[in-house]
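Peer 1: Quick check, what structure comes out for this input:
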Amino acid sequence: MTRRASNAADLRRVRTVLRETFGLPRLRPGQSAVIERILSGRPTLAVMPTGAGKSLCYQLPALLLEGRTVVISPLIALMKDQCESLRALGIAAVQVNSAVEGDEARAAEEAVADGSARIVMTTPERMADPAFLEKLRAHPISLLAVDEAHCISHWGHDFRPAFLEIGPAVQRLGKPVVLALTATATDEIAQDICKQLGIPRDGLVNTSAYRRNLDLRVLPVAKEADKLAQVVKLVHGTPGSGIVYTATVKAAQAVYEALLAAGESVGLYHGKLPSAERTAAQEAFMGGERRVMVATNAFGLGIDKADIRFVVHYQLPATLEAYYQEAGRAGRDGDTARCTLLFLRGDKAIQQFFMAGRYPSEEDAQAIMRALQDTPVEGGAWTLPLLQAKVGRPKSKLQVALGLLRKDKLVVQARDGTLKLAGKHATGERMRELTEGYGRKRDLDREALERMVFYAQTGQCRWRVLLEHLEGDASLERCEHCDNCRRIKAHEAVVEELLRNAPAPAAPAEAEHEEAATFTRGDLVEVRRYGRGVVEEASATQVTVVFADRSRRSFLPEYVRRARARRAEGSTGATAASSPG
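Peer 2: Numbering: from 1, shown residues only. As a prediction, this is how the structure comes out:
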């Protein structure tokens, strides 16, 4: 059979399964290209926005490929929902993770071992378990799908050490076709994902991150008390369900209490709550029993709630990727949704504090190696809590350092979680090599935070700023549905009205006393800090300008210049829109 005939046959099979199993009439943009690559055995990184249907890109091929499919995801809640949905469609799917216990866990392990599971959904941590890998290897695997793949990158904003185990696992599982999926990936992150998972340069399928239904806006605030009042006002004034994101647990608690006191139907979700409380809060929000969820970024990855009408960021996220991921949980049904960032300059310091405790240095790695040479004071073996108490490092930094040491086979972690040295000698130079990449990571994170601050302060089209960062280019000059685009448009309308209504320039005979004037009445001009306006009066020593807000100000002529050509007016207007005036 020729390749062309094979492609046509694949397309017919895809359409049949899509219609008869999933009940869908057609594929969404981007899905077709990804599925075609997977069926032809080509490793792929798919960068697709939230709501674009990434899960179908592995679920459908899983039913057409001969071997089984392994799906790796950090999202246990989403895994549960997807597994139940697949079973409801008659597909043999199981989940293997720490939340599955008792009879269900035993049945899942048996289905993995005997090969009856068509789709096996599991976590990155399980992929580091040699015994589990042996069970997977017992039967052919055709596809390995990695969800939230940005986590595998050293340059990703949501680094999770267990993701480092996936690359080596691909080799041990017989090199199945790899599909990596994420909603956002800059060029650097995409290259790193591809490098770690063995995806060739031409394996990237990147659909546009632009979502016309998301209305972006930023509200600057002067102090913390203003933010609390503003978030209550925003939630009260916006119908439908929504999420309020905070950067800290303390802020989440404060916002939750403020909304509760205001009579809102609100839930709370953060990493310090007991698991049962988090689960109950999530189910209440997903089921519509709570209209609003106040949460840290521990909530939301993979949340499949289509009718979220607003997302408010109470504090500045660390990166534009993180902001897009979280704001993108709104409007998955395609209807208009508002994404609002409350911007307080002091919030930048919160993210700077988090950065300081995130990345390991050579000294951190050496401290771990020295500690593991001794026996714990309590006796027995080293565990993560005991090691953390011994070396006095933040847990996140310790986990990343241990991930690097394990990957380099300097440290071994047993199935029960205990740690020990592997017996391999490690020089100081080797410690530097292992950790030096994180110096570059710190620099990149600082740059990313500055870009996030720029987004909050810019007068440009916000979608343009986002797309230029995420995709390296933006096909639109203005989106016409962010706060800045609306401001620019309103400003231009006022200036055009002033131009239409401005008095005609004075006749030469009437203006002899203005011979030295640079400008005449009716001229369209620009003044730094104030933007564009129309000249009302002009002399050799003073120019009076009427601005878009109908205020009048007088300047020395040298501070006034003629307005630039029409093509540049959008940029000028954008600056004026964000300037005090």
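
Peer 1: which residues sit in contact with the closest residue to S73 other than its chain neighbours?
Peer 2: Spatial nearest neighbour of S73, chain neighbours left out: D147 (4.1 Å); criterion: CB to CB, 6 or more residues apart in numbering. C-beta coordinates here come from the backbone N, C-alpha and C atoms, glycine included. Contacts of D147 were listed using CB atoms under 8 Å, 6 or more residues apart in numbering, and they are 54-55, 71-75, 181-182, 302.

Peer 1: closest to M431 among those residues?
Peer 2: Checking the contacts of D147 against M431 by CB to CB gives P74 as the nearest, at 28.1 Å.

Peer 1: so how far is Y314 from the residue lying closest to T248 once chain neighbours are set aside?
Peer 2: Nearest non-adjacent residue to T248, counting by CB to CB, 6+ apart: I350, 6.4 Å away. Per CB to CB, to the nearest Å, I350 is found 11 Å from Y314.

Peer 1: Residues that sit against both of the two, list them.
Peer 2: With CB under 8 Å, 6+ apart, I350 and Y314 have common neighbours A247.

Peer 1: Between these two, tell me which one has more neighbours.
Peer 2: Counted by other CB atoms under 10 Å, I350 and Y314 do not tie: Y314 has more neighbours, with 24 against 17.

Peer 1: quick one: pLDDT of the closest residue to that one other than its chain neighbours?
Peer 2: Using CB to CB, 6+ apart and skipping the chain neighbours, the partner closest in space to Y314 is T246 (4.6 Å). Looking at T246, its pLDDT stands at 97.

Peer 1: In contact with the residue nearest to T248, which residues?
Peer 2: Each residue near I350 by CB under 8 Å, 6+ apart is listed here: 247-248, 315-316.

Peer 1: so where do the helices sit in the stretch 101-250 of the chain?
Peer 2: Under the criterion DSSP state H, counting those that start in this stretch, helices of the stretch 101-250 of the chain are mapped to 102-114, 130-137, 166-172, 187-197, 224-237, 249-261.

Peer 1: and the last one, how far from the chain's centre?
Peer 2: For helix 249-261, the distance from its own C-alpha centre to the chain's C-alpha centre is 23 Å (CA atoms, centre = their mean, to the nearest Å).

Peer 1: Could you export the contacts of I350 as JSON lines, including distance to E101 and neighbour count?
Peer 2: Below are the contacts of I350 laid out as JSON lines (distance: CB to CB, whole Å; neighbours: other CB atoms under 10 Å):
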{"residue": "A247", "distance to E101": "33", "neighbour count": "21"}
{"residue": "T248", "distance to E101": "32", "neighbour count": "16"}
{"residue": "Q315", "distance to E101": "36", "neighbour count": "23"}
{"residue": "L316", "distance to E101": "39", "neighbour count": "24"}
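
Peer 1: Is the residue nearest to T248 located within a helix, as I assumed?
Peer 2: Yes - according to DSSP: H, G, I helix; E, B strand; the rest coil, I350 belongs to a helix.

Peer 1: Surely H236 is in contact with A262?
Peer 2: Yes - contact criterion CB atoms under 8 Å: H236 and A262 qualify, at 6.9 Å.

Peer 1: so what pLDDT did the residue nearest to S73 get?
Peer 2: The model's pLDDT for D147 equals 90.

Peer 1: Right, I'll leave it there.
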